[in-house]
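Participant: give me the fold of what follows.
(2 chains)
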Amino acid sequence: MAMKTLLPGRGPAGRDRAERRLAARMTAPSLILMAVVAAVPIGYAIWLSLNQYSIREAGLSRFVGLGNYLDALASSDWWAAFGQTFLFAAVSVSLEMALGTAMALLLNLAFRGRALLRTVVLLPYAIVTVVSAITWRTMFEPRLGLLPQILDTLHLPGAGVVWLGEQGYAMAVIILSDVWKTTPFAALIILAGLQVISKETYEAAELDGANKWQTFAHITLPLLRPAIVLAAIFRTLDALRVFDLPFVLTRGANGTQSMSMLAYTQLTENRQIGPGSALSILTFLTVMAVSAVYIRFGGGNIRDIAKEDH
Amino acid sequence: MNTINPATSRRFRFRRGGRLAVVAAATAAVGLALSGCGGVATPALGPTAAAADPASAKDAKGNVTLCGGKDGAGLYKGTVDAFMKANPGVTAKYTSIGATTDDARTQTIQRLQGKSNECDLFLMDVTWTPEFASQGWVLDQTKLVESNKDKLIASTAATARYKDRYWATPFFTNAGLIYYDKSKVAKPETWQQLYTEAAKASGDGVVFQAKQYEGLTVNFLELLYSAGGDVIDDQGNIKIDSPETRKVLDFMAGGIKSGAVEKGVLTYDEDGTRLAYESGKNGYERNWPYVYGLLNKTKLAGTFGVAPLPSWEGGKASGVLGGWNLGISSYSSNPGAAVAFIDFATSPDWQKHVAADYSSAPVNEAAYSDPGVLAKMPFAKELLASVKSAKPRPSSPVYQQISEAIYKNVYSVLSGTASTDDAVKKMADQIKKAQASF
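Facilitator: The predicted structure is shown next:
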């Protein structure tokens, strides 16, 4: 009260405003940096997507508004790539979450050499995707690849199958290589979530006479949900932008064209800068929409769990 | 127990949500920036580009850099070294910019759009001429090619021509050949005989390039051209929707069904084809001359014969011309030395080395009958026959899109996911769309 009379206009409300101004000034540099890093390229890409640039005459361009978008949305290529990308993302992320949880539970057990094993399981994730994709392609090479050779030696069916040359199988191989590579990443995040769950919760459950399955279903899994959701968000966003796996393994043949590959083909191979940028923006919007859904509903889960826990 | 203050938890939630959105936006932005980079540089030179002066080669000096794709046979490096020996005043260098033809094109275009003077000379695939010329990326070489004309096989020079001017000089050419296992099958005279023999012989039939990429366009056009079909005529009219196209597609798809063609071809590029044949199970292989030297280093040395591409039902055999031309960058700071390099690389003397030392097809006809060449390349006569009967691929600034329309639809017929009729209609439709692009 004494302060208020001594310094009129610098009461709690005034101080608040001053503080807010200070905050704005202090965050300004990083906001500007963000704008330069994120907004400028996106804005430029949007501008490119509203134009067409001549492939016949140097320097010639024309403004077409939303024309490139309408063309893309009317083309069967876009919708095919859209469906194939979502199929890939749904199947691979589900498998990665299930296997990642199992792997995290195993790695959380106390056993000798645990630290070493935790490092070793991360190896697939450390390999450059293009390199691992080439390895998988070599393994599934018709006749001469490792898999057909093994099947042939053991007289099992499938030795004559052209894995990457047939609809269905080709997608399966791409999903397999993605699951192989990124399950360790999911496991690592889920493992971190596991380690946050306090021992007392389990001790209380044991005192209450809960069996192993009940403990897992009613304690471990609900408390792990935030970690699983986080891993799923990261993986889904990555999976929806998948490029290197189909590019190396099939070049988009046999129902494995992804949205990013389609944009790449238009942008670099066909040099259709306008339509290609429109495809990039559509891919970007799709990814943003999916992440918004995740954050809305995944975030809700996180809040509920926090409340229950409280 | 974990006690989380509701207030902090809300703030935490907000921050995390915000951060995620920013992460998502930033990743997408980087992806976009990468794919969009160098998008709209606008070269100042139009189709009336500056011309390379043949006389400027005389007092060439300084540095000159040749840029191109993977130097599998060592030809580019070898030519650069030999050129320096012959021209002590010039320091020449070869820079590899991409493992595949597609990569090399992307890299080349990036440099040209950025007006980079890193490369004075570019190795240009024969299909790039119209696009590079219309964008003003390469110097007009009409005078140069005309002064060298008597040394060049006419069909190879034609690949460097667009709108009545020459935009590059042929360095080496290429044409498909048939390699066949002499103990299993006979020398092929017609495609029909080749497929029949391949189906009868033990093992895995014929192998060629039928992966979904440019190579499939080439392999399909070889049959289509022999059968008398075409893609577009000189006026740009679409000719692909024809009985010939249907016949050839049915024939190829039938070959896969009957086992005359190994089903693995759907995943084979040139190297995949080569490795499959080297396993010793196939009767026939369609591939380029470069595999000859490699095949001779395997246990199959001496077991195989080399033949030009066969005819369609006894008609006139044809094929598709491949090969690489030398273009001079519009942004070169030393075009004189670049001209000197072209003079050297296309000289009849060096062209003999191109064949004898690097198993590549010369653009100079005399080289094919040189005794030194015949000793190293016994199939030179067959190769010359293939080169001379081969036709160029469609000439258009939108060639990439035309080719994509071809290989995607041919692939869907070969893999059994589309009917011939639907594929042909789609092909014609997509080529029309490509031609209409701005």
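
Participant: in contact with residue B:283, which residues?
Facilitator: By C-beta atoms under 8 Å, 6 or more residues apart in numbering or on different chains, the contact set of residue B:283 is B:180, B:181, B:184, B:185, B:197, B:198, B:201, B:203, B:204, B:205, B:206. (Glycine included, C-beta is placed from N, CA and C.)

Participant: let me know the pLDDT of the first one.
Facilitator: So that's residue B:180. We note a pLDDT of 95 for residue B:180 in this prediction.

Participant: that older thread, closest one of the contacts of residue B:283 to chain A?
Facilitator: Of all the contacts of residue B:283, chain A sits closest to residue B:204, with 7.3 Å by C-beta to the nearest C-beta.

Participant: over to the closest one. Which of the three states is it?
Facilitator: coil (DSSP: H, G, I helix; E, B strand; the rest coil).

Participant: count the neighbours of it for me.
Facilitator: The tally of other residues near residue B:204 (other C-beta atoms under 10 Å in any protein chain shown) stands at 23.

Participant: hang on, isn't it packed against residue B:282?
Facilitator: Yes. Between residue B:204 and residue B:282 there is a contact under C-beta atoms under 8 Å: 5.1 Å.

Participant: overlap in contacts, those two.
Facilitator: B:262, B:276.

Participant: among the contacts of residue B:283, which one sits closest to residue B:404?
Facilitator: residue B:206 (25.0 Å; C-beta to C-beta).

Participant: any idea what that closest one is bridged to?
Facilitator: Note on residue B:206: beta-bridge partners residue B:261, residue B:284, judged by DSSP bridges.

Participant: just the buried residues out of the contacts of residue B:283, in ChimeraX syntax.
Facilitator: Buried residues among those (16 or more other C-beta atoms under 10 Å in any protein chain shown), as a ChimeraX selection:
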select /B:180,181,184,185,197,198,201,204,205,206
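
Participant: let me know the pLDDT of the residue in the stretch 151-300 of chain A that chain B sits nearest to.
Facilitator: Nearest residue of the stretch 151-300 of chain A to chain B (C-beta to the nearest C-beta) works out as residue A:165 at 3.3 Å. At residue A:165, the pLDDT value in this model is 91.

Participant: same deal with the one 3 residues further on?
Facilitator: Among the per-residue scores, residue A:168 holds a pLDDT of 92.

Participant: name the nearest residue to it, ignoring sequence neighbours.
Facilitator: Excluding the flanking residues, the one nearest residue A:168 by C-beta to C-beta, 6 or more residues apart in numbering or on different chains is residue A:255, at 7.5 Å.

Participant: over to residue B:386?
Facilitator: residue B:175 (3.7 Å).

Participant: what about the one you found, how many residues nearby?
Facilitator: Neighbour tally, residue B:175, other C-beta under 10 Å: 25.

Participant: wait, doesn't it sit right on residue B:391?
Facilitator: No. Using C-beta under 8 Å, residue B:175 is not in contact with residue B:391, being 10.3 Å away.

Participant: between the two, which contacts overlap?
Facilitator: By C-beta under 8 Å, 6+ apart, the residues touching both residue B:175 and residue B:391 are B:319, B:320, B:321.

Participant: residue numbers of the stretch 51-200 of chain A in contact with chain B?
Facilitator: A:52-62, A:141-144, A:160, A:162, A:164-167, A:196, A:198, A:200 (C-beta under 8 Å from any C-beta of the partner chain).

Participant: any of those residues buried? List them.
Facilitator: Members of those classed as buried by 16+ other C-beta under 10 Å are A:52-55, A:58, A:61, A:141-143, A:162, A:164-166.

Participant: closest one of these to residue A:242?
Facilitator: Closest to residue A:242, out of all of these and judged by C-beta to C-beta, is residue A:164, at 15.8 Å.

Participant: contacts only, for that closest one.
Facilitator: Applying C-beta under 8 Å, 6+ apart, the residues near residue A:164 are A:137, A:140, A:170, A:173, A:249, A:250, A:254, B:266, B:267.

Participant: and the closest residue to residue B:116 other than its chain neighbours, which of the three is it?
Facilitator: The shortest distance from residue B:116 to any residue other than its chain neighbours is 6.4 Å, reached at residue B:331 (C-beta to C-beta, 6+ apart). Three-state assignment for residue B:331 (three-state DSSP): coil.

Participant: now swap in residue A:219 and tell me
Facilitator: Residue A:219 - assigned by three-state DSSP - is helix.

Participant: and the gap between it and residue A:106?
Facilitator: According to C-beta to C-beta, to the nearest Å, residue A:219 stands 18 Å off from residue A:106.

Participant: can you check residue A:291 too?
Facilitator: 30 Å.

Participant: one step back: which one of the contacts of residue A:164 sits closest to residue A:19?
Facilitator: Closest to residue A:19, out of all of those and judged by C-beta to C-beta, is residue A:249, at 55.4 Å.

Participant: next one, pLDDT for the closest one please.
Facilitator: Confidence score, pLDDT, at residue A:249: 94.

Participant: tell me the contacts of it?
Facilitator: Per C-beta under 8 Å, 6+ apart, neighbours of residue A:249: A:133, A:136, A:137, A:164, A:170, A:173, A:174, A:177, A:256.

Participant: mind putting these into a markdown table with secondary structure?
Facilitator: Supplementary listing: the contacts of residue A:249 in a markdown table, determined by three-state DSSP:
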| residue | secondary structure |
| --- | --- |
| A:133 | helix |
| A:136 | helix |
| A:137 | helix |
| A:164 | helix |
| A:170 | helix |
| A:173 | helix |
| A:174 | helix |
| A:177 | helix |
| A:256 | coil |
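
Participant: can you select the buried ones from the residues you listed in PyMOL?
Facilitator: One line in PyMOL is enough to select the buried members of the contacts of residue A:249, burial here meaning 16+ other C-beta under 10 Å:
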select buried, chain A and resi 133+136+137+164+170+173+174+177+256
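
Participant: element containing residue A:179, please.
Facilitator: Using DSSP states H and E, residue A:179 maps to helix A:169-196.

Participant: packing partners of that helix?
Facilitator: If contacts are counted by 3 or more C-beta pairs under 8 Å, 6 or more residues apart in numbering or on different chains; DSSP states H and E, helix A:169-196 sits against helix A:76-108, helix A:123-126, helix A:129-139, helix A:221-240, helix A:244-249.

Participant: would TSV of those with distance to residue B:220 be doable?
Facilitator: TSV is the format used below for the helices and strands packed on helix A:169-196 (distance: least, C-beta to C-beta, whole Å):
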stretch	distance to residue B:220
helix A:76-108	21
helix A:123-126	38
helix A:129-139	23
helix A:221-240	34
helix A:244-249	22
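
Participant: so which of the contacts of residue A:249 is the closest to residue A:207?
Facilitator: Of the contacts of residue A:249, the one sitting nearest to residue A:207 (C-beta to C-beta) turns out to be residue A:177, at 45.8 Å.

Participant: so what's the residue nearest to that closest one when sequence neighbours are not counted scoring on pLDDT?
Facilitator: Excluding its sequence neighbours, the residue lying closest to residue A:177 (C-beta to C-beta, 6+ apart) is residue A:136, at 4.4 Å. Listed pLDDT for residue A:136 reads 95.

Participant: I'd say residue A:136 and residue A:178 touch.
Facilitator: No. Residue A:136 is beyond contact range of residue A:178, at 9.8 Å (criterion: C-beta under 8 Å).

Participant: pLDDT weak spots in chain B?
Facilitator: B:1-49 (pLDDT under 70).

Participant: okay, now the domains of it?
Facilitator: Domain assignment for chain B by automatic domain parsing gives B:54-173+B:322-391, B:177-320+B:398-435.

Participant: now do the contacts for the one residue in the stretch 101-250 of chain B that gets nearest to chain A.
Facilitator: Using C-beta to the nearest C-beta, the closest approach of the stretch 101-250 of chain B to chain A is made by residue B:212 at 3.7 Å. Counting by C-beta under 8 Å, 6+ apart, residue B:212 touches A:250, A:251, A:252, A:253, B:407, B:408, B:411.
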